[in-house]
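Visitor: Pasting the sequence and the predicted model now:
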Amino acid sequence: MHPVKHIHEVIFLIEQNNGQWTPEELTAAIAETWGDDVRFGSCSGNAFPKENALDFLLSRQKAVLSETGLVALHPAMKICSGHEGFGEE
């Protein structure tokens with residue numbers, strides 16, 4: 001079974017890195033942190049693989065790509081509440 005984390009965990013990972021990763025480096029960091037088969041869920045959808053995490057965050061305006069192609073949090077990004085315990089057993 002694939003481990004499932006909340007997509008907000010990726011937001012926290014990006015925040016901790018302070019916008020220094022390319023999209024490929026972010027995907028590698030996700031695999032290093034949670035394993036290659038990790039999947040992410042959101043407050044409103046089904047779980048998806050790590051390769052789709054950045055696209056999801058970009059589409060929800062939680063993350064942006066800088067002019068140099070690095071991943072950063074969107075300046076106006078807000079995290080929804082109510083995901084405490086998501087993916088825990």
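Guide: Cool, the structure landed.

Visitor: buried set for the worst-scoring helix or strand of the chain on mean pLDDT?
Guide: Using mean pLDDT, DSSP states H and E, strand 45-49 stands out as the lowest-scoring helix or strand of the chain, at a mean of 88. The neighbour-count criterion (16 or more other C-beta atoms under 10 Å) identifies A47, F48 as the buried residues of strand 45-49. Where C-beta positions appear, they are placed from N, C-alpha and C, glycine not excepted.

Visitor: Show me the contact partners of it.
Guide: By C-beta atoms under 8 Å, 6 or more residues apart in numbering, the residues outside strand 45-49 that reach it are H2, V4, V38, R39, F40, G41, F56.

Visitor: Partner strands of it and their direction?
Guide: Paired strands of strand 45-49, with direction, are strand 39-42 (antiparallel) (DSSP bridges).

Visitor: Tell me the buried residues in the partner strand?
Guide: R39, F40, G41, S42.

Visitor: cool, stretch 50-69 as well?
Guide: Neighbour-count burial for stretch 50-69, with 16+ other C-beta under 10 Å as criterion, is recorded at K50, A53, L54, F56, L57, K62, A63, V64.
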